[in-house]
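Visitor: fold the following.
(one chain, ligands or ions: 2)
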Amino acid sequence: ELGFKDTGAMWRSKYDMPADDFAKELDRLWDQVRPLYLSLHAYVRNKLREKYGDIVPANGPIPAHLLGNIWAQDWSNVSKIVAAGNSDRGYDLTQILKSKNVDALGMVRYGESFFTSLGFDPLPKTFWERSLFVRPRDRDVVCHASAWDIDTIDDLRIKMCIDTTEEDFTTIHHELGHNFYQRAYNKQPFLFRDSANDGFHEAIGDTIALSITPEYLVKLGFLPQAPDASKDIGLLLNKALEKIAFLPFGLMIDQWRWKVFSGEITPDKYNEAWWQLRLKYQGVAPPNGRSEKDFDPGAKYHVPANVPYARYFLADILQFQFHRSLAQAAGCPGTGSTPLHRCSIYQSKEAGKKLATMLEMGLNKPWQDALFAITGQRQMDATAIRDYFAPLQKWLDEQNKGKPIGW
Ligand code: X8Z
Ligand code: ZN
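Guide: Numbering: from 1, shown residues only. Ligands and ions are numbered 1, 2, ... in the order given. The predicted structure follows:
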């Protein structure tokens with residue numbers, strides 16, 4: 001009744017370009033990053049094979065249950081298993097947070113103070129009064145983290161069951177990115193109080209979290225000194241297990257849903273088609289036989305909650321573009337002495353100003369204009385993420401020499 005062919009077409013229509021062009025744009029970006037994913041996949045498969053033996057095929061898909069995450073969307077939890085030689089980054093942020101007795105509230109305070117260091121105002125008092133930070137003992141709540149702007153002005157809140165872990169430390173920055181965006185665009189006319197596109201909303205907090213470098217942890221008193229360049233591969237491998245491993249997952253969810261909405265995937269093939277796409281994009285396989293009695297897509301929050309997912313794929317690409325530009329504004333050269341993965345924009349008012357300018361635009365302009373305001377580019381571009389991981393790509397190529405790539 002709204003004039004769209006199906007729900008997928010409606011979802012794809014929100015990107016200031018023809019819906020079909022947007023689908024092509026995703027393919028283009030995926031083609032740009034796929035070689036890096038293939039290298040990471042081959043390396044991790046080999047390491048898991050060394051540990052678990054033939055259950056991990058030499059040149060087939062990785063059993064999804066060995067990747068340390070119930071959806072195999074973030075492989076950070078196998079970092080100790082796949083680290084080799086000089087590829088350990090040398091510190092454990094979860095252990096550090098625990099040893100400093102940082103509790104849920106403390107974790108959020110660290111997140112907030114990053115944003116204030118860039119020149120943003122502190123969160124309102126009501127944020128601290130009305131948010132949910134810990135899992136209630138007396139009732140069941142949806143613990144999947146979310147950020148809210150209840151009155152579209154400044155009644156900002158998060159709802160998240162925070163544990164003292166590195167993963168949750170990162171996720172808090174992600175959620176606060178939503179809140180600071182929400183407040184930044186609150187002077188826009190009502191209909192423009194939203195992000196330039198949904199990928200932008202998802203990318204802001206992650207962009208900030210890319211600044212959680214060893215050098216930043218030294219400033220917090222979490223590390224006595226930053227590890228030298230010999231730990232760079234370890235740092236990059238760790239990040240790749242989070243960011244590169246996620247890319248095909250971020251893409252396949254809506255490849256599946258678009259086909260479900262269009263009718264191309266019929267109800268009698270829901271689970272089969274799901275695992276076909278898992279295989280095609282991620283190169284992972286289910287741990288045991290599946291059938292249409294199973295509905296594995298339903299185990300991913302966003303599917304029953306009907307939240308579009310391509311946004312997270314976009315955010316994974318965009319955050320590296322944002323980081324590269326903000327790093328420049330902050331005075332990290334970007335090449336030479338301060339590689340991008342060692343650049344923290346913490347305390348940079350210049351970077352903060354640049355970021356705020358873009359956030360304040362809200363949805364008032366096409367996203368291409370918002371992207372231009374922060375990066376000087378009008379296109380989403382995977383060269384930023386490729387450049388960031390270039391030293392790792394080289395290292396992975398060496399590790400993978402003579403070994404099969406792909407599945
Ligand atoms: O759902 C989220 C956020 C809330 S917008 C916690 N994310 C995706 C997920 O968990 O699947 C963040 C990264 C991907
Ligand atoms: Zn989010």
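
Visitor: contacts, neighbours, all on C-alpha from now
Guide: Will do.

Visitor: not counting sequence-adjacent ones, nearest residue to the residue of the chain found nearest ligand 1?
Guide: Closest to ligand 1 within the chain is residue 145: 4.6 Å, counting by C-alpha to the nearest ligand atom. Leaving aside its chain neighbours, residue 145 sits nearest to residue 160 (4.4 Å; criterion: C-alpha to C-alpha, 6 or more residues apart in numbering).

Visitor: before we move on, what about residue 82?
Guide: residue 47 is the one closest to residue 82 (C-alpha to C-alpha, 6+ apart), at 5.4 Å.

Visitor: for that neighbour, grab the count of nearby residues.
Guide: Neighbour count of residue 47, defined by other C-alpha atoms under 10 Å: 18.

Visitor: how about residue 214?
Guide: Using other C-alpha under 10 Å, residue 214 is surrounded by 25 other residues.

Visitor: wait, it sits on residue 226?
Guide: Yes. Using C-alpha atoms under 8 Å, residue 214 makes contact with residue 226 at a distance of 5.2 Å.

Visitor: looking at it, the residue of the chain closest to ligand 1 is touching residue 159, isn't it?
Guide: Yes. Between residue 145 and residue 159 there is a contact at 5.7 Å, judged by C-alpha under 8 Å.

Visitor: who's more crowded, those two?
Guide: residue 159 (20 against 17).

Visitor: which strand residues bridge that one?
Guide: residue 132, residue 146 (DSSP bridges).

Visitor: contacts only, for it.
Guide: By C-alpha atoms under 8 Å, 6 or more residues apart in numbering, the residues touching residue 159 are 131, 132, 133, 143, 144, 145, 146, 147, 148.

Visitor: for the third one, give me phi and psi.
Guide: Put plainly, it is residue 133. Phi and psi for residue 133, reported as degrees, to the nearest 10, are phi -110, psi -20.

Visitor: give me the neighbour count for it.
Guide: Residues within reach of residue 133, counting by other C-alpha under 10 Å, total 22.

Visitor: which residues touch it?
Guide: 104, 105, 158, 159, 160, 161, 162.

Visitor: quick one: the nearest residue to residue 279 once chain neighbours are set aside from residue 65, how far?
Guide: With C-alpha to C-alpha, 6+ apart as the criterion, residue 279 has its nearest non-adjacent residue at 6.2 Å, and that residue is residue 285. Going from residue 285 to residue 65 by C-alpha to C-alpha, to the nearest Å gives 9 Å.

Visitor: hang on, the earlier thing: narrow the contacts of residue 159 to just the buried residues.
Guide: 131, 132, 133, 145, 146, 147, 148 (16 or more other C-alpha atoms under 10 Å).

Visitor: for the fourth one, give me its contacts.
Guide: By C-alpha under 8 Å, 6+ apart, the residues touching residue 145 are 158, 159, 160, 161, 171, 175.

Visitor: what about 10 Å?
Guide: 132, 133, 158, 159, 160, 161, 162, 168, 171, 172, 174, 175 (C-alpha atoms under 10 Å, 6 or more residues apart in numbering).
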